[in-house]
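In: Just the structure for this:
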Amino acid sequence: MPRTLSAATIVNVAREQITALTGLPVDTVSRILHATDGWTLDMELVEMTRIPNSNDVLATYQVHLDEEGNLISFLRTNRYYRGQVKQ
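Out: You can find the predicted model right below:
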């Protein structure tokens, strides 16, 4: 039986893997969900830095990991400016 990883460990593992694959830094984790088949996280990555930083281009990536923390898939689901406010 696989060992159950903590949410904090999964976040760290996901950060490392998504950064290694995309070359982009993770700004924040906006969602984490544990299900029977693994973990789903929404992570905000900085795709382009600008001055001032309110003009940075960020993207939301949905990341799926199995129970052991292995990356199964990732998908960019949104792209936006840091200063953009959703209504």
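In: Residue 8 sits in which helix or strand?
Out: Using DSSP states H and E, residue 8 sits within helix 7-22.
In: May I have that helix as PDB, with CA atoms only?
Out: Listed next in PDB are the C-alpha coordinates belonging to helix 7-22 (Å, rounded to 0.1, in the frame of the first residue of the first chain):
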ATOM      1  CA  ALA A   7      -0.700  18.200   1.400                       C
ATOM      2  CA  ALA A   8       2.400  20.200   2.200                       C
ATOM      3  CA  THR A   9       4.700  17.500   0.700                       C
ATOM      4  CA  ILE A  10       2.500  17.300  -2.400                       C
ATOM      5  CA  VAL A  11       2.700  21.100  -2.900                       C
ATOM      6  CA  ASN A  12       6.500  21.000  -2.700                       C
ATOM      7  CA  VAL A  13       6.800  18.000  -5.100                       C
ATOM      8  CA  ALA A  14       4.400  19.600  -7.600                       C
ATOM      9  CA  ARG A  15       6.300  22.900  -7.400                       C
ATOM     10  CA  GLU A  16       9.500  21.200  -8.200                       C
ATOM     11  CA  GLN A  17       8.100  19.100 -11.100                       C
ATOM     12  CA  ILE A  18       6.100  21.900 -12.800                       C
ATOM     13  CA  THR A  19       9.100  24.300 -12.600                       C
ATOM     14  CA  ALA A  20      11.500  21.600 -14.000                       C
ATOM     15  CA  LEU A  21       9.100  20.900 -16.900                       C
ATOM     16  CA  THR A  22       8.100  24.500 -17.800                       C
END
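In: I'd like to know which elements it is packed against.
Out: strand 26-35, strand 38-48, strand 57-65, strand 71-81 (3 or more Cβ pairs under 8 Å, 6 or more residues apart in numbering; DSSP states H and E). Heads up, the C-betas are built off the backbone N, CA and C, glycines and all.
In: how about 7 Å then?
Out: Contact partners of helix 7-22 among helices and strands, from 3 or more Cβ pairs under 7 Å, 6 or more residues apart in numbering; DSSP states H and E: strand 26-35, strand 38-48, strand 57-65.
In: Nice, that's everything, thank you.
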